[in-house]
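Trainee: below are the sequence and a predicted model; questions follow.
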Amino acid sequence: MVGGIRLAYQGARAHLRRCGWSLLALLATATASTAGEPTGASTSEATQAEAMRAIPIAKIDPQFRPAVQSVLADPTIFRRMPTSVVDCRPELFTFLAQNPEVMVEMWRHLGVSHVELKRIDERTCKISDGAGTTGTIIVVEQTCEEGAQNRIVMLCNGSYTGKPFQQPLSAQCVIVLTSGSKEETNGRRFVAARMDAFIKLDRMGLELVAKAVHPFVGQTADRNFTDTMLFVSNLSYTAEKRPEAIEQVAIDMQNLDQPRRQGLIKVAYQCAEAGRAWEQTRTRQASLETLSR
């Protein structure tokens, strides 16, 4: 395993250790912003209203629209996680956003996680973290365009069984992943992404959750999102430098279906080609600057 990929996996370890609390991490701890939140995180009513307006209800599949509207109409908790900006090829980011089981299987393959994400169909996945969290994730609307100009709206039904709670906790969530990209002055492409979470929690468990996990879980959710973005950035760098290493990992991940293994290989070599083009451009610019002196 080349060093770049190893570093990417090691960078995800802290995130993966917290996956057993992944559902609870989404259950932000308050209904108003509090001091000490990471810059950009918000649970304010104004941000919630803005996030709701950005969801294209008319484009959501009619069979899921009532459930989405039910969560949005009466969320127990709302949280906008901090916007994360990372050096990353947009094509890789979009591929992973549309195929999250690829990342999950990488973690399992390296032995750093027991999370399972099984695709049921093109829009539905089942998740289990081996530590009490189970759920179903349904993509109810997505718009993905060139340059990682993406919006993915997910309806999630989840439950957590385990300590410190006496009874299972259940929640229904609407999660919106929004992203875009920009070319910086040095020619590198940076992807910016944020996640909005609307959570409708089992009312009987609301007070228990608030007392047990306040004020930590909102910050944990923010950190999980940031760690995942850093992992994607490290993976993108590795793909640029050593796409053959990504190819070998893809071949070894037999639990992935063939189209997604081939898709990962294809996007890794696209990243490598883009990386070479960037380096050539930088070399030419450096030469011109030298001649002009």
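Mentor: Perfect, thanks for sending it.
Trainee: biggest strand in the chain by residues?
Mentor: Longest strand of the chain, by residue count under DSSP state E: strand 169-183.
Trainee: adjacent strands (with direction) for that strand?
Mentor: strand 149-160 (antiparallel), strand 189-201 (antiparallel) (DSSP bridges).
Trainee: mind exporting it as CSV, just the C-alpha atoms?
Mentor: C-alpha atoms of strand 169-183 as CSV (Å, rounded to 0.1, in the frame of the first residue of the first chain):
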residue,chain,number,x,y,z
LEU,A,169,-33.8,5.6,19.8
SER,A,170,-35.3,6.2,16.4
ALA,A,171,-35.2,9.1,14.0
GLN,A,172,-36.2,10.2,10.5
CYS,A,173,-33.8,12.6,8.8
VAL,A,174,-33.7,14.7,5.7
ILE,A,175,-30.0,15.4,4.8
VAL,A,176,-28.9,17.7,2.1
LEU,A,177,-25.4,17.6,0.7
THR,A,178,-24.5,20.7,-1.4
SER,A,179,-21.1,21.2,-3.1
GLY,A,180,-19.3,23.3,-5.7
SER,A,181,-15.8,23.9,-6.9
LYS,A,182,-13.4,26.7,-7.8
GLU,A,183,-10.0,27.0,-9.5
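Trainee: how about the strands in the stretch 1-150 of the chain?
Mentor: 77-80, 84-87, 116-119, 124-128, 133-145, 149-160 (DSSP state E, counting those that start in this stretch).
Trainee: which residues does the fifth one contact?
Mentor: Residues from elsewhere that reach strand 133-145 (Cβ atoms under 8 Å, 6 or more residues apart in numbering): 19-23, 55-56, 59-61, 64-65, 68, 94, 97-98, 123-128, 150-160. All C-beta atoms are positioned from the backbone trio N, CA, C, and that covers glycine.
Trainee: switch the cut-off to 6 Å
Mentor: 22-23, 59-61, 64, 94, 123-128, 150-160 (Cβ atoms under 6 Å, 6 or more residues apart in numbering).
Trainee: quick one: distance of stretch 245-255 to the chain centre.
Mentor: With Cα atoms, centre = their mean, to the nearest Å as the basis, stretch 245-255 stands 21 Å off its chain's centre.
Trainee: how about stretch 248-262?
Mentor: Stretch 248-262 sits 20 Å away from the centroid of its parent chain (Cα atoms, centre = their mean).
Trainee: what average pLDDT does that stretch get?
Mentor: Stretch 248-262 shows a mean pLDDT of 94.
Trainee: again, but for stretch 282-293
Mentor: Rounded mean pLDDT across stretch 282-293 is 76.
Trainee: pull it out as PDB, backbone CA atoms only.
Mentor: The C-alpha coordinates for stretch 282-293 follow below in PDB (Å, rounded to 0.1, in the frame of the first residue of the first chain):
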ATOM      1  CA  ARG A 282       3.100  25.100 -13.600                       C
ATOM      2  CA  THR A 283       6.400  24.100 -15.200                       C
ATOM      3  CA  ARG A 284       5.700  26.300 -18.300                       C
ATOM      4  CA  GLN A 285       4.700  29.200 -16.100                       C
ATOM      5  CA  ALA A 286       7.900  28.900 -14.100                       C
ATOM      6  CA  SER A 287      10.000  28.800 -17.200                       C
ATOM      7  CA  LEU A 288       8.300  31.900 -18.600                       C
ATOM      8  CA  GLU A 289       8.800  33.700 -15.300                       C
ATOM      9  CA  THR A 290      12.500  32.800 -15.400                       C
ATOM     10  CA  LEU A 291      12.900  34.100 -18.900                       C
ATOM     11  CA  SER A 292      11.200  37.300 -18.200                       C
ATOM     12  CA  ARG A 293      13.600  38.200 -15.400                       C
END
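Trainee: now that stretch: buried residues?
Mentor: Across stretch 282-293, burial judged by 16 or more other Cβ atoms under 10 Å covers no residue at all.
Trainee: just stretch 135-142 next, same as before
Mentor: For stretch 135-142, by 16+ other Cβ under 10 Å, it's 135, 137-141.
Trainee: run the chain-centre distance for that stretch.
Mentor: 13 Å.
Trainee: cool, and stretch 77-87?
Mentor: On Cα atoms, centre = their mean, the centre of stretch 77-87 falls 10 Å from the chain's centre.
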